[in-house]
Each structure stands twice: as structure tokens, then as C-alpha cells.
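Undergrad: Provide a 3D model corresponding to the input given below.
(one chain, ligands or ions: 1)
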Amino acid sequence: MSAEANIGVVGLAVMGSNLARNLASREGNTVAVFNRSHDKTEHLVAEHPEAGFVAAKTYAEFADALAAPRTAIIMVKAGAGTDAVIDELVKVFEPGDIIVDGGNALFTDTMRREKAVRETGIHFVGAGISGGEEGALHGPSIMPGGSAESWVTLKPILESIAAVAEGEPCVTHIGTDGAGHFVKMIHNGIEYADMQLIAEAYDLIRRGTGKSPAEIADVFAHWNTGELESYLIEITAEVLRQVDAATGEPLVDVIVDQAGAKGTGAWTVQNALDLGIPVSGIAEAVFARSLSSKPAQRAAAADLPGPAETWAVDDADAFVEDVRQALFASKIVAYSQGFDEIVAGAAEYGWDIRKGEVAKIWRGGCIIRAQFLNRITEAYAENPGLDALLVAPYFRDALAGAQEAWRRVVVAAARAGIPSPAFSSSLAYYDGLRADRLPAALVQGQRDFFGAHTYKRIDKEGTFHTLWSGDRSEVEAVDTH
Ligand code: 6PG
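TA: Residues are numbered from 1 along each chain as shown. Sure thing, here's the model as predicted:
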């Protein structure tokens, strides 16, 4: 087999096939394809003769089909399968070649793999790819990590297949080793929060106003013309409008109310806990899915009492507008928390992540694509060292305008017994962050009481411990330094 292909794809399930077709459709690319079971390769090649794929039966054939330096994108289910493919590719590739993992790998796995592969002289690049099946085919948002050297080769290829937003390709080199998968993980955490917030908005409107799913679809479609404009709002309108063919009911009423999860949202929260970053909105979104998926507990708790009074809002239009504002404010919190985790992760793992560029490449192709991301890019362009996204002028003003409505919605939800974990935790975060003084002082006192963990004082330098036992009137403060 002659080395005629400039790029290869390993793993030809839907995402891999679509990415291979996307690559093949771009000027100048010849794509080698390989799948563990050759049937799938043959099927893809037969279905898409226009793509001019070069089919390989073995890893050796795959390597032979690629011109040096070889570049291959692995599109297999994240986990042990990725390691198995890397092991095979390393055997047939040479120093200077590039292996890209386009799956949803955990960034620490990517760091481990990058280190191991680097020893062979081959480049390993973990690249987050967002946009689902359609994105893979027509233009995803791509978040590559790996060495700067590999980016030189990858840049034109990835730019040619990425989504385009306002004339710019939705791909940029995020940082070394696992930085790309780290940022993709945060993308997914924000995705979870965004989805949960939208779901809470729908639930509140439905139960507060009695609007049907189709009517709420109209509300979302209208919201999609304003500052909330985003892919997730757009598809929510479509999901709510869908009627079940079998029953004639709104499809949303026929779907079992237990949300699945493949784990990337949980990773975001686990890592945030390690970094000490409060991503409470994202965490509540992950936990809301977990709670929904506990049918036995939910059945056991179903007869616990709720509020005595039934609830209906007086002014449906005003309530819908309040919910819109609560959604916007909570969404700002989710993004702010996500970017806090990016900043903390970059510091912890030694990456120079340009936050404004991350927001830019999320404007198109990915699941959280939204008009709003331009405001994030602007905020970081104005002040790269922002303490928190929510204090940037645009977001500060937006929160100031929305906060009264946000409070009304959270109060209404609590009164009505409607769970709104993401709305209410985002509001608590906002109030916590802006608080002049927090009861954390009392927690410090408690810690010092039972564990002599010490505390700092507002009026003096140093670290102090109170002698709590004995005569309390003569409590003594000791500077332990
Ligand atoms: C994307 C999506 C994609 C996938 C999620 C779904 O950016 O294209 O995030 O990666 O749809 O992994 O995750 P859950 O199954 O956990 O909801």
C-alpha cells in the first residue's frame, strides 16, 4: 500500500465515520480508515465512494497508507480501548508521527498517555471534540492539547474540519498534554449546568402557568432570539414541540424522567473538589441527574408532604420573564464557575490557557455554543486577570438587572415545592461571593474549638488558638507563630 493518505482515522462508529467523512470532504485530504472489525471499514467505504477512503485491514497497512509524518485520529470509546489502540499504533508508527485521541478521555489519562508515548518520539495529542454526530460530520469545536510541534502539523487539518463562527475556525491549541481534554471536560460540566437550568425553567413555567409543552416551546423559541440565544435553547424548543407518534402525547411526557450520564460532568466536579473550586451550579446539575435516577428512593419518598397550598402564578407573562432572567443569571454563574476551574486547572497543571480563545472556539460547533460566548471573550480581552467572570462589567450589569427576578423565582419554587437545585444554588453562590461577611468565621471557631485548628483575626496579623476549656471569661488568644 503506498503512502497516499495525509490523515487517518481509527474507530469507525458514528463519530469516527462522520469525522472521517468530514476530513475527506476537505480539499487536499486523503483519509486512511481502520476499524478493529473490518466489516465496518468496508461498509463505510462502500457507502461513501465519494470520500475516496483508503481502507486498511491491519495496523501495519494503516501505517503504510499514511505519508510521513503520519497523523492518525483515534475515535474509540474512552477508556481501555484507547490504550489498546495506542499500543498498536506505537508499534507501527515512527518518531515524529502524531497520534490524536479525539474521544472524551479523562485529562489525567491523557497526561499519562502523552508522557508514555512521548518516550517513543511519537507525539500524542488529546483533543476534545464537541458537537455530537452532526458536529463531527459538518464541523465540530475542537480542543487539542499536546506539543506545540504537533500543533504545527495539525493546525491546517483541524482548521479545515472545524466549525466556523464569525469567520474563525472553532479550534485552537489549548495547551500541552492533557489541556485539551481538560477544557473539553469543563465544556461538558457547563453543558450539564446549562441543560439542568433549562430543564428547571421549563418545569417552573409548566407547573406555575399550566402552559403545555408546545406553548413552552414557543417561549423557548422566543428566548432564542435574545441574549439566551444558544443551541441548547433552540433544541429544547424542538424537543418540547415533539409529539409522540404512538400516543399523541407530548414526547417529553412519555420519556422516563431519569437522566443518564456518561461521567464527564462528574469528572468536572471531582476535579473541582480537588482544586477547591466551588462549581456548585455544575455539581447540582450532576446531582440532579443522580437523584432522578433513583426510582426506589423516589418511590419511597413520594408521599412525603409538600406545601399545603396549591400554586399558580397570577401573571403568567411576568413569571415567564422572571424565569428567563433567572435562567440568564444562573447561566452566568455556571460559566463563571467553569472558567474558575479552567484558571485553577491551568495553574495546577502548568498550562497557559487563553480563556478568551476558549470562549471563541465554543461559539460554533459545540453543544454549549451561544451568542453569549462573545461577551466572555470580550471580558477576558479587556482584563485577562479577571477575578471572576461574573464581575466583568457586562456580566455585573446583567446580574444586577436579573437578581430581583432570580430571587422571586427561587422563592416561588421553594414555596411551591418545585425542585430548582441549579437556580437556587447559583443564587446562593452569587450571594456568597458578594457577601461582606460570611459565617465561615463561626466555622473557624468550631474548628478551633474541637481540633485546635487555629484561626486568623480581623484586627491583627498571625495565627491564633483560643483556650476554650476552663474559665471562659478568661479566654486566651495565643499567637502560635
Ligand atoms: C459534546 C457532548 C458529548 C456527549 C456527552 C454527553 O460536547 O459533543 O458533550 O461529548 O454528548 O458526553 O454526556 P452525557 O451522556 O454524560 O450526558
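Undergrad: Look up the closest residue to the residue of the stretch 1-150 of the chain found nearest the ligand, ignoring the ones flanking it.
TA: With CB to the nearest ligand atom, the shortest gap between the stretch 1-150 of the chain and the ligand falls at residue 130, namely 3.1 Å. In this view, the C-beta of every residue, glycine as well, is placed from N, C-alpha and C. Distances taken as CB to CB, 6 or more residues apart in numbering place residue 366 nearest to residue 130, at 3.6 Å, with adjacent residues excluded.
Undergrad: need the contact list for that neighbour.
TA: Going by CB atoms under 8 Å, 6 or more residues apart in numbering, residue 366 touches 130-131, 135, 140-141, 163, 170, 187, 231.
Undergrad: got the residues of the protein near the ligand?
TA: Within the chain, the positions adjacent to the ligand are 104, 130-132, 188, 191, 260-262, 264-265, 366-367 by CB under 6 Å from any ligand atom.
Undergrad: ok, now with 8 Å
TA: Proximity of the chain to the ligand, by CB under 8 Å from any ligand atom, involves residues 104, 128-132, 135, 140-141, 184, 187-188, 191-192, 195, 259-265, 289, 366-368.
Undergrad: which residues does residue 225 contact?
TA: Applying CB under 8 Å, 6+ apart, no residues qualify as near residue 225.
Undergrad: residues near the residue in the stretch 201-350 of the chain that the ligand sits nearest to, how many?
TA: Here the stretch 201-350 of the chain gets closest to the ligand at one residue, residue 262, 3.6 Å apart by CB to the nearest ligand atom. Applying other CB atoms under 10 Å, we find 11 residues neighbouring residue 262.
Undergrad: Could you pull up phi and psi at it?
TA: For residue 262, the backbone dihedrals (degrees, to the nearest 10) come out as phi -100, psi -10.
Undergrad: any idea which element the residue most central in space within the chain lies in?
TA: For the chain, residue 188 is the residue whose C-alpha lies nearest the centre (CA atoms, centre = their mean; 1.9 Å). Assessed by DSSP states H and E, residue 188 sits inside helix 179-209.
Undergrad: Mind checking the pLDDT average for that helix?
TA: For helix 179-209, the mean pLDDT works out to 98.
Undergrad: Which is the succeeding secondary structure element to that helix?
TA: With elements assigned by DSSP H and E, the helix or strand that comes after helix 179-209 is helix 213-223.
Undergrad: what's residue 266 in contact with, if anything?
TA: residue 286.
Undergrad: Now it: which helix or strand?
TA: helix 264-275.
Undergrad: Same question for residue 113.
TA: Per DSSP H and E, residue 113 falls inside helix 107-118.
Undergrad: The very next helix or strand once past that helix vs helix 179-209, what angle?
TA: The helix or strand immediately downstream of helix 107-118 is strand 123-130, counting by DSSP H and E. Here strand 123-130 runs at an angle of 10 degrees relative to helix 179-209 (axes from the mean of the first three to the mean of the last three CA atoms, to 10 degrees).
Undergrad: I'd like to know which elements strand 123-130 is packed against.
TA: strand 98-101, helix 107-118, strand 141-144, helix 148-161, helix 179-209 (3 or more CB pairs under 8 Å, 6 or more residues apart in numbering; DSSP states H and E).
Undergrad: I'd like those as a markdown table, with distance to residue 463 appended.
TA: Below are the helices and strands packed on strand 123-130 laid out as a markdown table (distance: least, CB to CB, whole Å):
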| stretch | distance to residue 463 |
| --- | --- |
| strand 98-101 | 46 |
| helix 107-118 | 34 |
| strand 141-144 | 42 |
| helix 148-161 | 43 |
| helix 179-209 | 34 |
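Undergrad: tell me the contacts of the residue nearest to the centre of the chain?
TA: Counting by CB under 8 Å, 6+ apart, residue 188 has contacts 104, 130, 264-265, 267-268.
Undergrad: And these, which two are furthest apart?
TA: Pairwise distances across these peak at 14.8 Å for 130 and 267 (criterion: CB to CB).
Undergrad: So between the two, which is more surrounded?
TA: Taking other CB under 10 Å, residue 130 and residue 267 do not tie; residue 130 has more neighbours (25 against 21).
Undergrad: The helix holding residue 113 to strand 123-130, inter-axis angle?
TA: Going by the same axes, to 10 degrees, helix 107-118 is angled at 150 degrees with respect to strand 123-130.
Undergrad: Could you export helix 107-118 as PDB, CA atoms only?
TA: In PDB, the C-alpha atoms belonging to helix 107-118 read as follows (Å, rounded to 0.1, in the frame of the first residue of the first chain):
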ATOM      1  CA  PHE A 107      -7.500  14.500  31.100                       C
ATOM      2  CA  THR A 108      -5.300  12.700  33.600                       C
ATOM      3  CA  ASP A 109      -5.400   9.600  31.400                       C
ATOM      4  CA  THR A 110      -4.300  11.900  28.500                       C
ATOM      5  CA  MET A 111      -1.400  13.300  30.600                       C
ATOM      6  CA  ARG A 112      -0.300   9.700  31.400                       C
ATOM      7  CA  ARG A 113      -0.600   8.600  27.800                       C
ATOM      8  CA  GLU A 114       1.200  11.700  26.500                       C
ATOM      9  CA  LYS A 115       4.100  11.000  28.800                       C
ATOM     10  CA  ALA A 116       4.400   7.400  27.800                       C
ATOM     11  CA  VAL A 117       4.000   8.000  24.000                       C
ATOM     12  CA  ARG A 118       6.500  10.900  24.100                       C
END
